[in-house]
Every structure is written in C-alpha cells, then in structure tokens.
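Asks: Provided below for reference: sequence and predicted model.
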2 protein chains.
Amino acid sequence: MGLSKKPYKGTRDFFPTDKRIRDYLFSKMTEAAHLFGYEPYDGPMIEEVALYSAKSGEELINDQIYSFTDRGERFVAIRPEMTPTVARMVAQIHKEEAKPIRWYSIPNLMRYERPQRGRLREHWQYNCDIFGAPVGRGELEIIQLAIQLFKNLGANSDQFEIRLNDRRIVDSTFKKFLGLNDQEALQLYKIVDKSKKIGPEALEKELSKMGFVAEKRQIFDSYLKLDSFEGIAQFIKNNNLQEEAEGLLYFIEQTKQLGLDKYLVYDPTIVRGLDYYTGLVFEIFDKHPDNRRALCGGGAYADLLKIFNEKPLHGVGFGLGDVTLRDFLEIHNLLPDLKVQENDLFLAAMDDTGLDGALKLAGTLRDNGVRVLTHLEPVKFKKIFPLAEKKGARFVGILGEQEVKDQNIQIKDLETKDQTTHSWSEIEEITKLLKL
Amino acid sequence: MGLSKKPYKGTRDFFPTDKRIRDYLFSKMTEAAHLFGYEPYDGPMIEEVALYSAKSGEELINDQIYSFTDRGERFVAIRPEMTPTVARMVAQIHKEEAKPIRWYSIPNLMRYERPQRGRLREHWQYNCDIFGAPVGRGELEIIQLAIQLFKNLGANSDQFEIRLNDRRIVDSTFKKFLGLNDQEALQLYKIVDKSKKIGPEALEKELSKMGFVAEKRQIFDSYLKLDSFEGIAQFIKNNNLQEEAEGLLYFIEQTKQLGLDKYLVYDPTIVRGLDYYTGLVFEIFDKHPDNRRALCGGGAYADLLKIFNEKPLHGVGFGLGDVTLRDFLEIHNLLPDLKVQENDLFLAAMDDTGLDGALKLAGTLRDNGVRVLTHLEPVKFKKIFPLAEKKGARFVGILGEQEVKDQNIQIKDLETKDQTTHSWSEIEEITKLLKL
C-alpha cells in the first residue's frame, strides 16, 4: 500500500488549468483594487486564537477554527478570516497614516467545514477594506469596488445582485421594539440569518422559542417581510427609526446618483453572522436559478481596534471567496479558456546537434523576453507540429545539424502558416516576430 | 490591557511596501518560469504528516514541523516544504501527461525555526520542478531557469554563484571507499553538510566519532578539500568513479557550451539535508562578504513517486525562499523603489458638489481602466498637490461646483506641469492622456 495521492479533506490540488483560473481571478481582483487605489498587504497564516475569540463569534471559535498549541505553548490558529488580522495591522500604523487607508489582500484561509458545493476547508479570499473614510463614503466606495470586480469579470446586473441591510436598524428593531437583551438579540440574529435556508416551518419553530407576545411578533413579521427600499423606508417612518436609518437612506440616495441602484436590493435577512459589524451589511448573490448563493459578504464596523486598546476607527470591508466566485463564473459562462498555457515559440530539434543549438538559441531569446519551450530530446518531424499546438505555442522553430552549421532557423507561424528563415544573430528581428 | 498587535513569532506582517516587494519578487519568479514554459500549480496548505515522514528526513519531522491532530483525528501538518506535495500531485497524473512535465509554484510554508536573519517560521518559496526529462537535460534546464531569475532581477556572476555536487559521487565515496553503511553514511552527510559552519575544531571532533582508520580518513580529507571541477575530475579518475560521475561530467560540459560555467563552482560540502536527492545537488550562494548564505537549494531525485506505489520518474527541482532573496537584493542594491503605489489620477474635490461629481467621473474612468484615487472629503486647494504626490499619482484633477455645472475638468500633469481642460464626455481622450 502506497501513501494516498489525494489532498487533505476539503482542500484542493490546483493542477495547472485550475491554477491558471485562480491566477486569472487574482489578477482581476488586483486590477479592481488598483483601479480604486487600494494597496496590497498580507499577514501571517497563523494568529493567536485570542485575536478571534475577541470578535469573531462563538461558532467560528468552537466549531470551525483550526487551532492547536505550538511547541512554545502558544494557543494559535490557522487564519479562518482576514478581518482580525487587518485590524491588528491597522492598529499598528493608523495614527501615522493619512486617511483613508485603503488595503486589499488575497490570503488562503481555513475553516473546519463539512465540504460541499461552494464550501471547502481551505479557500482563498479577496479582502478589501477602507479605514477612516467619512461614514457613508467608505461604504459607497467598497460597494463600487465590489461591483467593478464583477463588471470586469464580464458579469452584469442580471447575473448578480447586492442584498443589503443595516445593523443599526436591525439592532433598534430587536432591542427597542422587541425589547430583547444582547443575548436574545444575538439568538434572533442567528434565526434571521438562516431564515431563508430552513424554510417557513422550521422558522416558525425557532421563533416560537423566542416567546414573543402577539404585538411584538407582528412587528417582527412585518420586518421580515420587507423586500424593497420603499418598504424599509416606510418601516423606518412607521417605527420612528429615522436616526438609526440615516446611514442607509443616505447610502441608497448616493447609489441612485451613481447608477448603482440596479445592482442593489433590500433584504431584512442579511445580518451577517460575525459579531463585529455595526452599520451597513451586505452580501452579493448569484441570481442564477441553479446557484442562488452568497458570493461575498461585508459591511461596516466601528469598534474593531478597541480590542487593541486603540480609539475606534470607522472601517468598511468585504471578503469574497475563490470557490464561490469560480462557480459563479462557470455557471454564467464567464470564464476564459485557460486549458493551455501560452508560449511564444516551440523550439524542436531533429538530432542531438540540433538540440544543443536549440538550448543555446533559446537562452538568447529568453534573455529578450521570449517564452521558449524546448523539447528536450530529438523529435521526428511529423510529431513536432501536433506537439507545438498542444503546448500553446503560436510559432514553431526546428533545428537540425544543417541549421546549426548555417547558424539559421526556419520559423513557422501556425496561425498564418507563414514560414520565414532567420540568422541566429538577428535576435531582435526574431524577437519582434515572436512577440507579435 | 489590549491584545497584542504583533504578528505571531517568526512571521511577518506585510505592510503595503513589503507586499509590493513580495509581489515584485513573485512577478519575476512567474516571468522566469513562463520563459521556460513552466506551468503553475498549487496544493493545500495542510497535508497528512505521513507524506513528510516518508522522505523528508527526521530533523524536519521531529523538530521543525507544525503538526497537529484535526477534529477528525487526522494527524496533519502545515506544509514545511513543497516537494512532497508536488510529488503527490504528479503521481496522480504522470501516466497521462506528455513529458517533460514542467511546473512551478510559490506557496507559503511553515517551519518551527528559531527566528534569525534570513530564517523565519513562515516564508514563501519559489518551487520549480521538471519531471520525465532525459537525465542531464532536466538538470541543465533547472539550473538555466534559476540563473535566468537572478539575471532578470539584475544580478550577475559577481553577486551569486551556484555550488554543486552529485549525490552519486558522494554515496560511492562514503559507501565504497569509506565502507559506511546507510546509517553511518547519513551521519557523515550531516557532518559534511554543516562542516563549513562549525569550523575545523568542531569538525575534527565530529569526525573523530566516526572512528575512521588513517587510510580512510585520508580519502575523506582529500574529498573534502576539493574545490574545483578539475579537482573533482581528478578525484573521480584516481578513485575509479567514472560510472558514478558520468552525470556530473556531462552536466559540466553542457554548462560550458552554454556559457553558464561562470556561475558554477564545485563544492564537496553541498549534499542537501533532505533524504530524497539522488543525483545532482546544488545551492545558490550570495557572494556578498556580509551575506554569504544559501539562497536556494535543489537537485535531482529519482524515487519520489515510489511512496505512492508508482514507478520511478526522474525529477529535478529547486526551492528558493522569499526572505533570503529579498536580503540578497537589498544588500546588492537591486530592489526597485516600491514605497508608493502607482496611480493614474488623483481626483480631488473642493466642495460636496465637486465630490459627488468626482465619484461619478471616477466611475466612468475606472470602467476604461484608469486607476483613480478619489479623496473622499473636500480638500483645500493648496493641500491637493502634496497629497497627490504622496499617493503616487502623476495626474491631478480638481472638481468644484463650477466644474460640475460645466461638466468639465482641468487635469494637471505633475511631471510636465502641463494643464489641460476636458469635457466629461471626452472619456477616451482623457483616458489616453492618463494612461500615457
């Protein structure tokens, strides 16, 4: 019995095509971030568990975190999310730094999940955060940035939507009107969070545990039925929540001005499981009927630096995983074909002398930035072209004893079928041809 | 007392400048790999410990690995090196794949080290491997690729050198001439490996434990004194090692033909600690007097697929860490200045109306690929230019009530001091100017 060839449960081997797809996603993420002037950062893959205990919520710590004690008796975890790390890093430098601070990263994260479609134990997550922006403006930019990414990936408002809500409104509704304490409010958050997934019967059962009197239950039901910005505006008015709703109403107004409202819907069930959100919260959803799931979640948080004994600093951010994003692009046919890696020249030799020459010529061309694939043993003529095509090369060069003697090379363009002969010394000319 | 803001011991926070440097290194690594047609791959950050026990050597497993038992009772480790993972992945597909298989990756790895200059607990490592190439040809290409990376980073043969040796020669010397068994040979490997570090006295002490008779000790001493290709050629002749030395001699001959010999030196103390090497082994060294350390290590391995019950497949590869590479580039002044992130346009507003306009215009420009940094609150005129310069923008645009009313914008080129006025509708013209 040999060792298993499979990757660890819930993780992936990225073979070249998969890795090229991941690289493509990362390049689009980087591009979107740079269009908005977000700067790259990264932290360690391990953090002390205390960093997560403080703010990430019980479920994550108890059930999902990869934690262990290191050889120096430190209780540590593989990072399950990036926000605590970015908060820790910003806490180090925010006093000296000009605001707003705009940062992005694409770390690998691990959570102990039961592997299923769209959910794995290891994934890569695009994180964008803005710190110290005027309240409302930061929220707007973060949403713009998320939309930009999807647009640049070729997606439109028929394919994805941003569902949003505001924790200030939910908090007031739960605490002021329903009279819940922190503990009960948290319990109701969890029920609301999963309300669409579990179906009406199970929801009813969960809610009955809360023991609402009829009047309060009615308020809750009317809240949970809201499904439009007009609806929430009316609810705000009816319940005298203008103060708590200021942020949301301003945000909605701004997105209309920028023509972003076509991407947005109000959703009372969006509350985000994590404990640190304090304002606007949102999730991006796939609208495809076969893949109606969240692709991205984020929101505003005011107090994340407090755990480091720093003054509050307004932050807004989101996280977007590579697994669900790839599923989204595949179901909407938005992924480019990346099966074959691009090369500029396939350089083959028909004999050993040709091969020695090929290695020499390849070296000079590579110094000029030409991507040259050399076949490392002599190949029969008729096998060369099929091989070159398979390897993604547009141009093919063939060397044998005669060509080495003459110090020249015939290059064939597989697209135009043109064939040209060049002296080895004409490196610039050859380079120009191959880098067409 | 707040939580610690420091990263976990021996790991790094990559603030934007550090991350841009890492991105720069990665882009050069990717470029070098693509020049040779190497394709990207990646594996999970966690593997079963058994994968490392099989081949990686005792020191790594006992002292250096981050291992723990997961919630499903699997004994796993954060990957300390990439070769076992790439072997596992190649074992899955090598039968169907055309040879040679050329792969590269840049994973984050962890080892439990005592942090010191050039050595941290977490690092990123460039891995290049070629499988199924004719013996000798693969070795040559891997060395070429490593040299290409250094050349493309601006380094030359005064700054780095490749020290090489061959395990077949060392094995024969240890076993045939010194009469050592596997266990003793391994012990001597370790002594040789650290011989330069510990100094002659400590070396003498270690060697005396081996209990060599005078004649054998003389052979060993003459081996350890070798310091040139001529020397090892003579040693091979004297000791009748032609068969074992065929690979090395062919390799040296080839590198001469390709003009690579100026980068190479023979070094009898290069044996590589890891158990899986079976042929050529090498390390790349910094030649700077203040930083004489290994930057990269690699070699040929024949038997890595055996642990998966697969037939042997000849492989050659190397690993190169980001920590030592950055030290190398810094000490030789080869790092570009990456303190500030490039932007195309700094778009500032003098009042709220200007700000609303700026957000709108910025959106259209970003759709055209222009990197626009918007300041999210109104700024006083005299503060705008210092801010723009600090943010790495070459162009500055300023909007106020009047400009919004006229739907135009003045753009100033900070380099040429040219100032031009454009209508908002001339997006293509503005884009052309800004993407200069």
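Replies: That came through, no problem. Numbering: from 1, shown residues only, chains lettered A, B, ... in the order given.
Asks: so after the worst-scoring helix or strand of chain A on mean pLDDT, what's the next helix or strand?
Replies: Sorting the helices and strands of chain A by mean pLDDT, DSSP states H and E puts helix A:58-59 at the bottom, at a mean of 74. Downstream of helix A:58-59, the first helix or strand assigned by DSSP states H and E is strand A:66-69.
Asks: How far off centre is that following strand?
Replies: Its chain's C-alpha centre and that of strand A:66-69 lie 25 Å apart, by Cα atoms, centre = their mean, to the nearest Å.
Asks: Run through who's touching it.
Replies: Strand A:66-69 is contacted by residues A:49, A:75-78, A:80, A:110-112, B:46, B:66, B:68, B:70 when judged by Cβ atoms under 8 Å, 6 or more residues apart in numbering or on different chains. Bear in mind the C-beta positions are built from the backbone N, C-alpha and C, glycine included.
Asks: ditto for stretch A:320-328
Replies: Outside stretch A:320-328, the residues within contact range by Cβ under 8 Å, 6+ apart are A:21-22, A:25, A:29, A:117-120, A:123-127, A:146, A:149, A:155, A:159-160, A:284, A:286, A:288, A:291, A:293-296, A:334-335.
Asks: Distance to B:V370 and pLDDT added to the contacts of strand A:66-69, as JSON lines?
Replies: Shown next, in JSON lines, are the contacts of strand A:66-69 (distance: Cβ to Cβ, whole Å; pLDDT from 0 to 100):
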{"residue": "A:V49", "distance to B:V370": "43", "pLDDT": "95"}
{"residue": "A:F75", "distance to B:V370": "47", "pLDDT": "95"}
{"residue": "A:V76", "distance to B:V370": "43", "pLDDT": "96"}
{"residue": "A:A77", "distance to B:V370": "41", "pLDDT": "97"}
{"residue": "A:I78", "distance to B:V370": "38", "pLDDT": "97"}
{"residue": "A:P80", "distance to B:V370": "36", "pLDDT": "95"}
{"residue": "A:M110", "distance to B:V370": "37", "pLDDT": "97"}
{"residue": "A:R111", "distance to B:V370": "37", "pLDDT": "95"}
{"residue": "A:Y112", "distance to B:V370": "43", "pLDDT": "92"}
{"residue": "B:I46", "distance to B:V370": "41", "pLDDT": "97"}
{"residue": "B:Y66", "distance to B:V370": "44", "pLDDT": "96"}
{"residue": "B:F68", "distance to B:V370": "48", "pLDDT": "95"}
{"residue": "B:D70", "distance to B:V370": "47", "pLDDT": "94"}
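Asks: List only those of those residues flagged as buried.
Replies: Applying 16 or more other Cβ atoms under 10 Å in any protein chain shown to the contacts of strand A:66-69, the neighbour count classes A:V49, A:V76, A:A77, A:I78, A:P80, A:M110, A:R111, A:Y112, B:I46, B:Y66, B:F68, B:D70 as buried.
Asks: List just the nearest of the residues you listed to B:A233.
Replies: Nearest to B:A233 among the buried ones among the contacts of strand A:66-69 is B:Y66, at 43.6 Å by Cβ to Cβ.
Asks: Who does the closest one form a beta bridge with?
Replies: Taking DSSP bridges as the rule, B:Y66 bridges to B:I78.
Asks: And what about A:P44, helix, strand or coil?
Replies: For A:P44, the secondary structure call by DSSP: H, G, I helix; E, B strand; the rest coil comes out as coil.
Asks: For it, give its distance to chain B.
Replies: As judged by Cβ to the nearest Cβ, to the nearest Å, A:P44 and chain B stand 3 Å apart.
Asks: For that residue, which non-adjacent residue is spatially closest?
Replies: Residue nearest to A:P44 in three dimensions, not counting chain neighbours: B:T11, with 3.3 Å by Cβ to Cβ, 6 or more residues apart in numbering or on different chains.
Asks: Spit out the contact partners of that neighbour.
Replies: A:G43, A:P44, A:M45, A:I46, B:L120, B:R121, B:E122.
Asks: Which residue, neighbours along the chain excluded, lies closest to the fifth one?
Replies: To tie it back to what came earlier, the one meant is B:L120. Of all residues not flanking B:L120 in the chain, B:G10 sits nearest, at 5.0 Å (Cβ to Cβ, 6+ apart).
Asks: wait, doesn't that neighbour sit right on B:Q64?
Replies: No. With contact defined as Cβ atoms under 8 Å, B:G10 does not count as touching B:Q64 (11.6 Å).
Asks: what residues do those two have in common as contacts?
Replies: Residues touching both B:G10 and B:Q64 by Cβ under 8 Å, 6+ apart: B:E113.
Asks: returning to that earlier point: from the buried ones among the contacts of strand A:66-69, pick the one nearest B:I270.
Replies: Checking the buried ones among the contacts of strand A:66-69 against B:I270 by Cβ to Cβ gives B:Y66 as the nearest, at 27.4 Å.
Asks: The closest one and B:V49, how far apart?
Replies: Noted for B:Y66: a distance of 10 Å to B:V49, by Cβ to Cβ, to the nearest Å.
Asks: repeat for A:D13
Replies: Using Cβ to Cβ, we find A:D13 at a distance of 18 Å from B:V49.
Asks: Check A:K205 too.
Replies: Distance from A:K205 to B:V49, by Cβ to Cβ: 44 Å.
Asks: The closest residue to A:K339 other than its chain neighbours: which element?
Replies: Counting by Cβ to Cβ, 6+ apart, A:T17 is the residue found nearest to A:K339 once chain neighbours are left out, at 5.3 Å. Using DSSP H and E, A:T17 maps to helix A:16-35.
Asks: Repeat that for A:L376.
Replies: Going by DSSP H and E, A:L376 is not part of any helix or strand.
Asks: residues in contact with it?
Replies: Shown in contact with A:L376 (Cβ under 8 Å, 6+ apart): A:L355, B:P100, B:A133, B:P134, B:R137, B:G138, B:E141.
Asks: Surely the last one forms part of a strand?
Replies: No. Assigned with three-state DSSP, B:E141 falls outside any strand and is helix.
Asks: Verify the contact between A:G354 and A:E403 for me.
Replies: Yes. When contacts are counted by Cβ under 8 Å, A:G354 is listed as touching A:E403 (6.7 Å).
Asks: For beta bridges, what are the partners of A:I46?
Replies: A:I46 forms beta bridges with A:I78, as assigned by DSSP bridges.
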